[in-house]
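Novice: Predicted model follows, preceded by the sequence.
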Amino acid sequence: MGNKLQRIFNPTKEEREEDMKRSKMIHEKLSVKRECSTCSHCVHVRNYPGYVTAEECECNAGLICDTVLFSVENCPLWEDRGIN
């Protein structure tokens, strides 16, 4: 089963690379749909570490933003935020 606390708080280089690969895959999948969590206009209400998709956010362009239920797709003002 392994040490999950070690995986969360002190991941190895390989585990960090695996996490980044998974995050990029999720980002690319949601970018195709032009969803809020991948938009540069989406401002997260709470600042969680890493790439989080289902969290409260607001649109600084004045549009409806939904990263929890993923009901907003193909936004006309969508701009890719990128991923580090």
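Specialist: Happy to help now that I have it. Numbers count the residues shown, from 1 in each chain.

Novice: Name the residues of stretch 69-84 that come out as buried.
Specialist: For stretch 69-84, burial by neighbour count (16 or more other Cβ atoms under 10 Å) applies to Val72, Cys75, Trp78, Arg81. Heads up, the C-betas are built off the backbone N, CA and C, glycines and all.

Novice: Please work out which residues outside the lowest-mean-pLDDT helix or strand in the chain touch it.
Specialist: Ranking every helix and strand in the chain by mean pLDDT, DSSP states H and E puts strand 42-44 at the bottom, with a mean of 81. The contact list for strand 42-44, computed with Cβ atoms under 8 Å, 6 or more residues apart in numbering, reads Cys36, Val52, Glu55, Glu56, Cys57, Glu58, Cys59, Asn60, Cys65, Thr67, Arg81.

Novice: In space, what's closest to the fourth one - neighbours in sequence excluded?
Specialist: Counting by Cβ to Cβ, 6 or more residues apart in numbering, Glu56 lies nearest to Val45, which is 4.0 Å off, once chain neighbours are set aside.

Novice: Can you give me every residue that contacts that neighbour?
Specialist: By Cβ under 8 Å, 6+ apart, the contact list for Val45 reads Glu55, Glu56, Cys57, Glu58.

Novice: Perfect, I'm done here.
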